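# no letters, just coordinates:
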Ligand code: AVJ
Ligand code: FE
């Protein structure tokens, strides 16, 4: 959302929250109405919850934060809190729980929403309560629903059977003038202290120094990645970290998830549709280790999270950190492929209006981008409003992904937003782009060309 949200009147803020609640619910309903009762309660993959769990969990979080905490109202269904607590039950066990059925779930989330709209009508945004300032708790719950909607979209991708989702194709790509650009580096302000709906791990803004580096102008494509596959990349331990090579053996990896070799031709299946591999689309459904191995094979490396954000937010003309690669304006359909408007990443070059000042494209939307960084707190981090959003995940188990995918809503896909997952995960809508160190001779050449 816009950081000018604090300029809105209470009525303006109420209207904006109502619209965002409505938008996220429409998406949840679309993703759950698309399948029958059996598909809602079934577990499509051990990696995922049954869709009906996500659905009721969305309602339960909304009840906990907005009905009970912000609203101070009586619980709707305290008896089910435990069933929908993500920390009590791992995803693999959720189908065995006495979950609410589809009809009960719809009634429950509907009842919660009615109460929330009543709370929204009466809430005072300016009572100095941090949870309610700038409607933060409402923004957090809207983002929570949208994040689970992306998770449910990933469940759809894992689901067998006839296609049930439909959307227009993304815009066409174009040839980029350069494959990589030199980012001069410097000190910039990373993270945010002013985006009202930024989550705790994006805060606070802090100065970070970045050395000069090269970064790819686009995500690595299926065509690029296919060369690595055909060149024997998955059979050569040289390209892989020790943990990555162990994962190749353990999971028998031979290529990205959802790629298949059919009669000598590579195909990929998405939301039930199989087609020849589109070579100019960003590669997707690779794990961190695959991204890391490709980068090494290509003579490059993954960018750090700091390098990713510098490329996405730093404006060399003013020295200022901006909200997005294209400026401070919230993303429009011309800037980025977000919000499940299309059901896949757009080909490289499809979003010239979304380019950064240095010409780095498709940083926001299309595919989440693996970075080389572990998920760590920023200096001055404070868990808010609960430890289980970020704090309990910090450490070396998770790698950071940035930028959002075609399945991420714009209310989530801030330039500062940080996602994280285990380095072996491939069901998320993740790809990557490469970076490399700038050599002294290249820096000298760049300086020279600026002088002439
Ligand atoms: C930020 C996407 C890693 O799905 O585990 C949802 C978001 N947190 N409910 C996740 C989240 C609590 C989180 N990710
Ligand atoms: Fe959740």
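Everything's here; your move. Just so you know, these numbers come straight off a predicted model, no measurement behind them. Ligands and ions are numbered 1, 2, ... in the order given.

# how many neighbours does the spatially closest residue to residue 336 that is not a sequence neighbour have?
Nearest non-adjacent residue to residue 336, counting by CB to CB, 6 or more residues apart in numbering: residue 365, 3.5 Å away. Where C-beta positions appear, they are placed from N, C-alpha and C, glycine not excepted. As a burial measure, residue 365 scores 28 neighbours (other CB atoms under 10 Å).

# start at 104 instead
Noted, 104 is the first residue going forward, which turns the last one into residue 468.

# need the contact list for residue 468.
Applying CB atoms under 8 Å, 6 or more residues apart in numbering to residue 468 gives the contacts 434, 438-441, 448, 454, 457, 506-509, 511, 516.

# adding distance to residue 251, pLDDT and neighbour count, write these out as TSV.
Supplementary listing: those in TSV, determined by distance: CB to CB, whole Å; pLDDT from 0 to 100; neighbours: other CB atoms under 10 Å:
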residue	distance to residue 251	pLDDT	neighbour count
434	20	98	24
438	24	98	21
439	21	98	29
440	20	99	28
441	16	98	24
448	21	98	26
454	26	99	27
457	26	98	22
506	19	98	28
507	15	98	29
508	14	99	28
509	16	98	26
511	12	99	28
516	15	98	23
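
# closest to ligand 1 out of those?
Within those, proximity to ligand 1 (CB to the nearest ligand atom) peaks at residue 511, which comes in at 9.5 Å.

# residue 253 is in contact with the closest one, correct?
Yes. Counting by CB atoms under 8 Å, residue 511 does reach residue 253; the two are 5.7 Å apart.

# what residues are shared contacts of the two?
Counting by CB under 8 Å, 6+ apart, the residues touching both residue 511 and residue 253 are residue 532.

# around ligand 1, pick out the residues from this protein.
247, 250-251, 254, 492, 522-523 (CB under 6 Å from any ligand atom).

# can you select the buried ones from the residues you listed in ChimeraX?
Those of the residues of the chain next to ligand 1 that count as buried under 16 or more other CB atoms under 10 Å are selected in ChimeraX with:
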select :247,250,251,254,522,523
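
# show me where pLDDT drops low in the stretch 354-503 of the chain?
By pLDDT under 70, the stretch 354-503 of the chain has no low-scoring segment.

# could I get the full set of helices for it?
Applying DSSP state H, counting those that start in this stretch to the stretch 354-503 of the chain gives helices spanning 391-400, 408-416.

# so which of the ones you listed comes closest to residue 497?
helix 408-416 (13.1 Å; CB to CB).

# now do the closest one: everything it contacts.
Against helix 408-416 from outside (CB under 8 Å, 6+ apart): 286, 288, 291, 293, 311, 313, 316, 318, 406, 424-428, 459, 461, 463, 466-467, 472, 474-476, 503, 505-506, 518-519, 521, 538.

# quick revisit: is it possible to export the helices of the stretch 354-503 of the chain to TSV including distance to residue 229 and mean neighbour count?
Shown next, in TSV, are these (distance: least, CB to CB, whole Å; neighbours: other CB atoms under 10 Å):
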stretch	distance to residue 229	mean neighbour count
helix 391-400	44	24
helix 408-416	30	23
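
# can you put those in JSON lines and add distance to residue 548?
JSON lines is the format used below for those (distance: least, CB to CB, whole Å):
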{"stretch": "helix 391-400", "distance to residue 548": "23"}
{"stretch": "helix 408-416", "distance to residue 548": "20"}
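
# chain neighbours aside, what residue packs nearest to whatever residue of the stretch 204-353 of the chain ends up closest to ligand 1?
Closest contact between the stretch 204-353 of the chain and ligand 1, by CB to the nearest ligand atom, is at residue 250 (4.4 Å). Leaving aside its sequence neighbours, residue 250 sits nearest to residue 515 (CB to CB, 6+ apart; 6.2 Å).

# one more: residue 280?
residue 462 (7.2 Å).

# likewise for residue 487?
Closest to residue 487 by CB to CB, 6+ apart is residue 303, at 4.6 Å.

# for residue 467, give its distance to ligand 1.
Distance, residue 467 to ligand 1, using CB to the nearest ligand atom, to the nearest Å: 16 Å.

# hang on, that residue packs against residue 438?
Yes. If you go by CB under 8 Å, residue 467 and residue 438 touch, sitting 7.0 Å apart.

# among the residues of the chain next to ligand 1, which lie within strands?
522-523 (DSSP state E).
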